[in-house]
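Asks: Mind folding the following:
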Amino acid sequence: MLTPGCIEGAFADSAGRIVVLNSNGAVKKYAVIEEAFRANIDNPIVRVDLATEQTPPDALKERLNSTGADLIFAIGSSAYQWAYRNAQQPVVFSSVLNWRRQRLRDDAYGIANELPLGMPLSMFRYLFPELKSVGVLYSETFHKEWVAEATAAAADVHIELVGAKIDSSSDIGDALSKLLPRVDALWLISDPIVLDNEQAATELFKQCDARRKPVFAYDDVYMKLGAVLAITADSSTMGIQAAKLAEDVLSASNTIAERVESPAGSSITLNLGRLQHYSITLNRQALGSVNRVIE
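Replies: Model prediction:
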């Protein structure tokens, strides 16, 4: 294993060699995915953490391509974009935000960052059967196509999805003042323009709370800001999926059914104590589907 910020030479003379290219190993999700990947694959591995790597870009490219690697596993958008531009080997990726908007090489495969749309929407309906409408803030740059797909998926479970487009996190206040009176809850998605900084996220939760609108989030980290519900793709499972996909890519005999797979596992957290602040009815018979309940 490499120490952060360096590459310890090349591989031994063996087949199926992998470079793990992590956008930032200090990010908990990325670290969990990498750990699960490494635990579920026997191939020789070296790793590079782009957040701490000190090698100049051209030199890093030359050094990585000289390692004799047979595959790059890129974790996070920055790592995938680096691999897209520089890697000579096939690429497997995970945790790439809105991968459909990325340019995919013919030799790129991956695990999507987002759960299939029907899963969280069905859970919204199951947990809150009287829910009629859900709002979402989004940027066209990252989620234009996603909103169109989500609107159709929401209609399938009899929920109206009301989208509000913003161009900057500074637009959040005005957008929420128009959106929140029209919906029963807000669905927080992983959009880097909406969630441009911590202050923007704090302001979003503050306004939702003031208007007594619960927030459904995509990650447990937002429970501390006041989210009522978080439905999260399971990071360990994503790492396991990536390891299996890497094996398939390296094996000429294995057929790859899907170039980009949806996450196979999820975790659901519900804050019952927080839920009492809002006028939304919970189906208590659905609590058996929740992984963690906060009282």
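
Asks: Skip the chain neighbours and tell me the closest residue to the residue most central in space within the chain.
Replies: When CA atoms, centre = their mean is applied to the chain, the residue found nearest the centroid is Asn113 (3.4 Å). Excluding the flanking residues, the one nearest Asn113 by CB to CB, 6 or more residues apart in numbering is Ser95, at 5.3 Å. Where C-beta positions appear, they are placed from N, C-alpha and C, glycine not excepted.

Asks: one step back: any idea which element the residue nearest to the centre of the chain lies in?
Replies: Here Asn113 sits in a region with no helix or strand, counting by DSSP states H and E.

Asks: re the thing from before, ok, the residue nearest to Asn113 - contacts?
Replies: With contact set as CB atoms under 8 Å, 6 or more residues apart in numbering, Ser95 has these partners: Ser23, Lys29, Tyr30, Ile33, Ile75, Gly76, Ser77, Ile111, Asn113, Met238.

Asks: Go through the residues you listed and say which is closest to Val260.
Replies: Nearest to Val260 among these: Ile111, at 7.3 Å, using CB to CB.

Asks: just to revisit the earlier point, pretty sure the residue nearest to the centre of the chain contacts Asn98?
Replies: Yes: in terms of CB atoms under 8 Å, Asn113 counts as a neighbour of Asn98; the distance is 7.5 Å.

Asks: can you give me the helices in the stretch 51-200 of the chain?
Replies: Assigned helices in the stretch 51-200 of the chain, in chain order: 57-65, 77-86, 118-127, 140-156, 172-179, 198-210 (criterion: DSSP state H, counting those that start in this stretch).

Asks: Buried ones in stretch 127-136, by neighbour count?
Replies: Buried residues in stretch 127-136, counted by 16 or more other CB atoms under 10 Å: Leu127, Phe128, Leu131, Val134, Gly135, Val136.

Asks: what about that stretch, how long is it end to end?
Replies: 19 Å (CA to CA, to the nearest Å).

Asks: starting at the chain centroid, how far to it?
Replies: For stretch 127-136, the separation from the chain centroid amounts to 22 Å (computed by CA atoms, centre = their mean, to the nearest Å).

Asks: How about stretch 202-220?
Replies: Going by CA atoms, centre = their mean, where stretch 202-220 is centred and where its chain is centred differ by 19 Å.

Asks: buried ones in it?
Replies: Using 16+ other CB under 10 Å as the test for burial, stretch 202-220 gives 203-205, 207-209, 213-220.
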